[in-house]
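1. Build me a model:
(2 chains)
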There are 2 protein chains.
Amino acid sequence: MDSDEADATNRTAESGDSPDRDRAAVARRVERLSSHLNPPPELFINGGLAVAPCAARAKKIEVDKDRLSAYMRGKYRDVQQGVYDYFNSRPELQTPLEISKDDHRELCMRQLMGLVREAGIRPFRYIVDEPAKYFAILEAVGGVDMSLGIKMGVQYSLWGGSVLNLGTKKHRDKYFEGIDNVEYPGCFAMTELHHGSNVQGLQTVATFDPFTDEFIIDTPNDGAIKWWIGNAAVHGKFATVFAKLVLPTHDTKGVSDMGVHAFIVPIRDMKTHNTLPGVEIHDCGHKVGLNGVDNGALKFHSVRIPRDNLLNRFGDVSRDGKYTSTLPSINKRFAATLGELVGGRVGLAYSSVGVLKISVIIAVRYSLLRHQFGPPKQPEISILDYQSQQHKLMPMLASSYAFHFATLHLVDKYSEMKKSHDEELVGDVHTLSAGLKAYVTSYTAKSLSVCREACGGHGYAAVNRFGSLRNDHDIFQTFEGDNTVLLQQVAGYLLKQYQEKFQGGTLTVTWNYLRESMNSYLSQPNPVTARWEGEDHLRDPKFQLDAFRYRTSRLLQSVAVRLRKHTKNLGSFGAWNRCLNHLLTLAESHIETVILAKFIDSVRSCPDSGSRDALKLLCDLYALDRIWNDIGTYRNVDYVAPNKAKAIHKLTELLSFQVKNVSKELVDAFDIPDYVTRAPIGMQATEEAYSHYTQFAGF
Amino acid sequence: MDSDEADATNRTAESGDSPDRDRAAVARRVERLSSHLNPPPELFINGGLAVAPCAARAKKIEVDKDRLSAYMRGKYRDVQQGVYDYFNSRPELQTPLEISKDDHRELCMRQLMGLVREAGIRPFRYIVDEPAKYFAILEAVGGVDMSLGIKMGVQYSLWGGSVLNLGTKKHRDKYFEGIDNVEYPGCFAMTELHHGSNVQGLQTVATFDPFTDEFIIDTPNDGAIKWWIGNAAVHGKFATVFAKLVLPTHDTKGVSDMGVHAFIVPIRDMKTHNTLPGVEIHDCGHKVGLNGVDNGALKFHSVRIPRDNLLNRFGDVSRDGKYTSTLPSINKRFAATLGELVGGRVGLAYSSVGVLKISVIIAVRYSLLRHQFGPPKQPEISILDYQSQQHKLMPMLASSYAFHFATLHLVDKYSEMKKSHDEELVGDVHTLSAGLKAYVTSYTAKSLSVCREACGGHGYAAVNRFGSLRNDHDIFQTFEGDNTVLLQQVAGYLLKQYQEKFQGGTLTVTWNYLRESMNSYLSQPNPVTARWEGEDHLRDPKFQLDAFRYRTSRLLQSVAVRLRKHTKNLGSFGAWNRCLNHLLTLAESHIETVILAKFIDSVRSCPDSGSRDALKLLCDLYALDRIWNDIGTYRNVDYVAPNKAKAIHKLTELLSFQVKNVSKELVDAFDIPDYVTRAPIGMQATEEAYSHYTQFAGF
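-> Below is the predicted model of the structure:
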């Protein structure tokens, strides 16, 4: 809420009309006034709906969508185009609006086969050596049908990735080719009915039998049934099964639990495709979305597999049942095992931005097309001319750009990590991927609903995509790590860094800012800068980053104090739970800070001035919108004075208006072809959208 | 965010264990301490996860779900049970998880027929005389399949309602029976491709032909195609078509546009069901949800209908083409026409609460069932024991109760209005229905996503309902008035009241509070009460209502000033748009205030003390959670001091914890049978939920 009774934004955007001389004079005048902006200099009134910048800033932004697009585009845009072209040339492989679950699953398999065997795009080859290329393919494939993206992820990143990352040479030699060409469709059987997030609580058992040199896989109770296993209901031949490794011992206990390990278990006959003896498979049935993926439930009744089927990179069992590992403890081995699976999160964060872009493109184009109401006796205006619609969509457009750069950065870091295996980088990428996956997928999920609602009734037509995008994307918040759990990992890592700092340790790169800002936190907010409210100041990246970092540092400091206090009485688990909301806010705050820092860098690095201006506008909107959303926090510690809070609010409305003026170019620059966005109301040539739509209905 | 570094909530809930004497002493001590709660009195530590109330307050709440349920239950619970029983006895009428669009439409029609002709439930009979009963049936039917609820609403509330409310006796005599027994399935053809919210912009034309005594209905361009018309694609025989009435004149213009009127247009042959000449119908196709409803697009090519088919309650055309009306202007007639349709919004608000209840029931029961992680070497804890899960679900549970009472109140007011036709009441109900429809449906839509996410992977199984509930409910935000548009109507009405106040007029009942609080707004916030932070104070309904009303009054006052200022330069339309976000916040703030006031009343009126205690807890959580969500506003004007803001935050966490302790009883008290909620993970006997779920998958 918070009105701007003394509205300072009533200035024109059209100073380009006045001669340079006048403009300079105006600029000087505004410069003088800008330190006491309240009440405002109402320099120009152009009588329309314009909410426009102060003249000094009113450089008209000229965005060349091609130049901006060239800057945004990663080096793998060509391979993405290859994916688009292939499916565009094969209409029979496109998913219709209505399709039964069973048909969808078969179609999805044909799509994957076509991609790999016909189009010759072999994602598996890049998983290890060129992950950025793999993620680019994944994003493009997700634009075709998200089920295909997930099916591909199950095959290559999960099933394939487990073989590559948790296995050793013998496994690679045996399975690589079959996984690559989809002759060996496989599953990643980690989650159980009773255990998802708590992987260490898995109950499936793999007992070594030294007499036959085999492991015996068992599901001890119904709670341990492997559940939600992709590729299991129909297509899978193999499954990487996560189970507690149990070894016989010669003491009184008789057995020893070595913790969770991964095993390759054949589940269907290679020739007949019949389910193998001891393996019970049921269909998990209809899902909210992603019905092209055949999720199944697996129950094992003393299924025997050779000892070689243990994926033995981090721990092995010898012929005589002795356990060996290069890692010293169960916890270390568990961390190493899960750590190798971080690529899935990178892919989800990256693909989620792809979904967000498609959604924003459709919503913005339709909002430009749609006209409704207007001033008396004048034509109706576009609904994007309404302040409320700008408020819904423009910070979202800014966020799409922000997330684009942040996830590209994550992919780069991940690629670097896969090459260097630098330990500090591993921790950094692990936390960054957890945080970005959680933050971005939550944001995208909410945005899909906002976009549907912003497009009114026509947004509810299935052909316009919001429904399937939302239903398919929804589970991004849950799989490969529940978002609430992942954010806690981020918070935990921050606390670890915090403790190390105070013990004189070094901070990893992403957290370096904490050292500096933690000191400034320990002092009081500056009462002078808390009152600065000029546009120059608010749009200064230093102010923005300082504000974000201050908040994170403060949250970190205060939660550390609270945790210490509560641990005495509640124990560490109880204390953690007592501070849980606080910890989640801390994690989000940190991730927002990382995203902003990367966005500011990306603005600076942009060589084209028009594009840079547009990106700067978006970056400022991203930053100020987030500050405004949490204004209570800033006010509560007097980090900003009341009038500064109002100035921030006004400026976000102004920036939303300015972004609106170039919003068509900004969504075009995402460079996603009409035959990928596919929504009739979201065509690039908006003037044709209605006729596409009536034709679709049969007129 | 906003940590509570000096956490004051570390007190036990279990004071019931200590003898009365001790308790009294403790109470006195707490009383003394409560004025300087910072640092807190850590009276008891029970070592667990407990976040518990100060001992003085720690009366253990005993909720008897049956007594609470009896208080909640409207007088139409029996007719709802009749609906449930009927569909429970007819499994072939239950909607399967997978069904094609065409089959779903036919099933939905069979469901409606069965309800009316077999179960003998005749909703149409109650539309006028006993609307509360109609809404109760609508809510129950929506629980069976939301498509059926909407199909029923189209038939009775929209098509039937237009005949009853906009027509005269001749129409009632001719159509009542056929509408009632579904021999005359009909449509409500208002929305056009290019015009939804702006009904006055409709372009369909009805020209009177004095030679044949007929109206000629025409679609002048594709933008005027009637779009999204329920019952049109398959089942409809008639449509109430909204069109500009054009009369021939004897002046040089030749014709005169009398504004939008409603006409009954037969669209299919009564016997053959063939589309009638001049009527072109296409299928609007798949929707995000509600695919049991056959939405179609209607284009009229000079379709002739008798003059009698004008629904002529508010305006009529004589045999010689003269227009007569009891209402003086096009605008008045338009307002009267639309005003009669307000019942649809009442029904949507009411049904939306029904959806919210089902969703909350499932999410809460599953969160109690699901155990994940726990303290070292101890059993796992229920996920509802996590502060983050309480934060997601407990304010939502409180809101379900709040909305329950608010929408029952709306139904009462609406029923009263239908009887009295009191003009002030009409305005009040119109605004209240617009506001509650917008506020409640937006809240429910967001909550459905939160619930799905809170239930993790198992929430993504279609059988557990969140997907279909969300997809079906989604459009509640758009149809019968786009929420963003409806909130503007609320804001407009508030401003009108505001102006009248200052001109000495009277305020209608719902807005009465503004007179008083407007005065208090004009003074500064009280710096003493701004510092009160005791639990007694924060849980005092007077503090809560004052805070809500202060916010509304302040927003109203400030937006009025801004509008006046901007109107000078931008005109009234431009000024409105310039203040649009502000106006929407005002409307929401007002609606939240009305809901709170009604909730407080309902707590007071509850005769059973255990139920009253539980309701009081929920009411406090509703109030404080909303204040906390907008804490920036309150801080910015120093309505609350920083420490009070922290105390409010802490108390919401504490209240969420306390509500959690009785959450099972609170969702049971909604009294919705398992065969209506239907989700295996949401069974009332939570211990059986997993086995229901594995059985569903075939184990």
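
2. A:Ile179: neighbour count?
-> As a burial measure, A:Ile179 scores 23 neighbours (other CB atoms under 10 Å in any protein chain shown). The C-beta positions use only the backbone N, C-alpha and C, and glycine is treated the same way.

3. just the one 5 residues further on next, same as before
-> For A:Tyr184, the number of neighbouring residues by other CB under 10 Å comes to 22.

4. The one 4 residues further on now?
-> Residues lying near A:Phe188 (other CB under 10 Å) number 27.

5. Which helix or which strand is home to the residue nearest the centre of chain A?
-> By CA atoms, centre = their mean, chain A has its centre lying nearest to A:Ala349, at 2.5 Å. Assigned by DSSP states H and E, A:Ala349 falls within helix A:342-369.

6. List the buried residues in that helix.
-> Of the residues in helix A:342-369, those buried by neighbour count under the rule 16 or more other CB atoms under 10 Å in any protein chain shown are A:342-369.

7. Mind giving me the packing neighbours of the host helix or strand of A:Phe657?
-> Assigned by DSSP H and E, A:Phe657 falls within helix A:642-661. With contacts taken as 3 or more CB pairs under 8 Å, 6 or more residues apart in numbering or on different chains; DSSP states H and E, helix A:642-661 sits against helix A:387-420, helix A:535-538, helix A:609-629, helix A:631-636, helix B:631-636.

8. And the third one, what's buried?
-> Within helix A:609-629, the residues scored as buried using 16+ other CB under 10 Å are A:610-628.

9. now the shortest one
-> Within helix A:535-538, the residues scored as buried using 16+ other CB under 10 Å are A:535, A:537-538.

10. Mind putting the residues you listed into TSV with distance to chain B?
-> Converted to TSV, the buried residues of helix A:535-538 look like this (distance: CB to the nearest CB, whole Å):
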residue	distance to chain B
A:Glu535	18
A:His537	19
A:Leu538	16
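
11. A:Asp222: which of those is nearest?
-> A:Leu538 (57.9 Å; CB to CB).

12. excluding its backbone neighbours, what's nearest the closest one?
-> Computed as CB to CB, 6 or more residues apart in numbering or on different chains, the closest residue to A:Leu538 that is not its neighbour in sequence is A:Leu651, at 5.4 Å.

13. Let me know whether A:Ala132 touches A:Asp412 as I believe.
-> Yes - the criterion here is CB atoms under 8 Å, and A:Ala132 meets it with A:Asp412 at 7.2 Å.

14. And these two? Which one has more around it.
-> A:Ala132 (19 against 13).

15. need the contact list for that one.
-> A:74-76, A:126, A:411-412, A:415 (CB atoms under 8 Å, 6 or more residues apart in numbering or on different chains).

16. I figured A:Leu368 hits A:Ser382, correct?
-> Yes - shown here, A:Leu368 and A:Ser382 form a contact pair, counting by CB under 8 Å, at 5.4 Å.

17. heading toward the C-terminus, what's the first helix or strand past the lowest-mean-pLDDT helix or strand in chain A?
-> In chain A, the helix or strand scored least confidently by mean pLDDT, DSSP states H and E is helix A:20-33, which has a mean of 46. Where DSSP H and E defines the elements, the next helix or strand beyond helix A:20-33 is helix A:65-72.

18. What residues of that next one count as buried?
-> Quick answer for helix A:65-72 (16+ other CB under 10 Å): A:65, A:67-69, A:71-72.

19. contacting residues around the following helix or strand past that helix?
-> As assigned by DSSP H and E, the chain's next helix or strand after helix A:65-72 is helix A:77-88. With contacts defined as CB under 8 Å, 6+ apart, helix A:77-88 is touched by A:93-94, A:111, A:114-115, A:118-119, A:121, A:133, A:136-137, A:139-141, A:143-144, A:671, A:673, A:675-676.

20. Tabulate the contacts of A:Ala132 (a markdown table), appending pLDDT and distance to A:Gln378.
-> Shown next, in a markdown table, are the contacts of A:Ala132 (pLDDT from 0 to 100; distance: CB to CB, whole Å):
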| residue | pLDDT | distance to A:Gln378 |
| --- | --- | --- |
| A:Gly74 | 76 | 44 |
| A:Lys75 | 84 | 48 |
| A:Tyr76 | 91 | 48 |
| A:Tyr126 | 93 | 55 |
| A:Val411 | 96 | 48 |
| A:Asp412 | 95 | 50 |
| A:Ser415 | 94 | 54 |
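
21. Which among those residues count as buried?
-> Buried among the contacts of A:Ala132 (16+ other CB under 10 Å): A:74, A:76, A:126, A:411, A:415.

22. tell me the two of those that are most distant?
-> A:Gly74 and A:Tyr126 (13.4 Å).

23. care to break chain A down by domain?
-> A:66-180, A:187-335, A:343-674 (automatic domain parsing).

24. Between the two ends of the last one, what distance do you get?
-> Start and end residues of domain A:343-674 are separated by 30 Å (CA to CA, to the nearest Å).

25. Quick check: the gap between the residue of the stretch 51-200 of chain A found nearest chain B and B:Ala434.
-> As assessed by CB to the nearest CB, chain B sits closest to A:Leu97 within the stretch 51-200 of chain A, at 4.6 Å. As for A:Leu97, its distance to B:Ala434 is 33 Å (criterion: CB to CB, to the nearest Å).

26. Between these two, which has more neighbouring residues?
-> Legend: neighbour count by other CB under 10 Å for A:Leu97 and B:Ala434, higher for B:Ala434 (26 against 15).

27. how close does that one sit to chain A?
-> Distance, B:Ala434 to chain A, using CB to the nearest CB, to the nearest Å: 16 Å.

28. so that residue is in which element?
-> helix B:423-454.

29. still on that earlier bit, need the helices and strands packed on helix A:642-661 in CSV with distance to A:Gly161, can you?
-> Output for the helices and strands packed on helix A:642-661, formatted as CSV (distance: least, CB to CB, whole Å):
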stretch, distance to A:Gly161
helix A:387-420, 11
helix A:535-538, 45
helix A:609-629, 33
helix A:631-636, 40
helix B:631-636, 44
